[in-house]
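**Student:** Give the three-dimensional model of this entry:
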Amino acid sequence: MSAAQEVTEQGFDEQVLQMETPVLVDFWAEWCGPCKALVPTVDAIASELDGRLKVMKLDVQSNPSVASKYGVVSIPTLILFKGGEPVERIVGLQPKQAIVSKIEPHL
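**Tutor:** Predicted structure coming up:
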């Protein structure tokens, strides 16, 4: 079971955009190998930054309108939302330290 919670189109505003805590959204799909490879990294970040950061996963195949609204064309893409706005975007399979170094300044 993933430490990151699943979010859908229906809950996106409430669970991501309206949160006071910054939210990292992992845009992924079941058929995407690099997305699956990123799961342990995303889970580790969710655990380590718990309380300071909320981590959500959005399946782009089931929720294409959210992906297209934020210009997600390749996956995995991680987007950090703060105050309802995307403030950081990390595309592709990245090492944990690279991801943390990009989101840390926003926490």
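**Student:** Show me the shaky parts of this structure.
**Tutor:** By pLDDT under 70, the low-scoring segments of the chain are 1-2.
**Student:** and the longest helix for it?
**Tutor:** Secondary structure assigned by DSSP state H gives helix 33-48 as the longest helix of the chain.
**Student:** Name the residues of the helix or strand following that one that are buried.
**Tutor:** Sequence-wise, the next helix or strand downstream of helix 33-48 (DSSP states H and E) is strand 54-59. Under the neighbour-count criterion of 16 or more other Cβ atoms under 10 Å, strand 54-59 has 54-59 buried. In short, each C-beta sits where N, CA and C put it, glycine included.
**Student:** now stretch 99-107
**Tutor:** In stretch 99-107, counting by 16+ other Cβ under 10 Å, buried: 99-100, 102-103.
**Student:** which outside residues touch it?
**Tutor:** Applying Cβ atoms under 8 Å, 6 or more residues apart in numbering, the contact partners of stretch 99-107 are 22, 24, 41, 45, 48-49, 52-53, 78, 80, 82, 87-88, 90.
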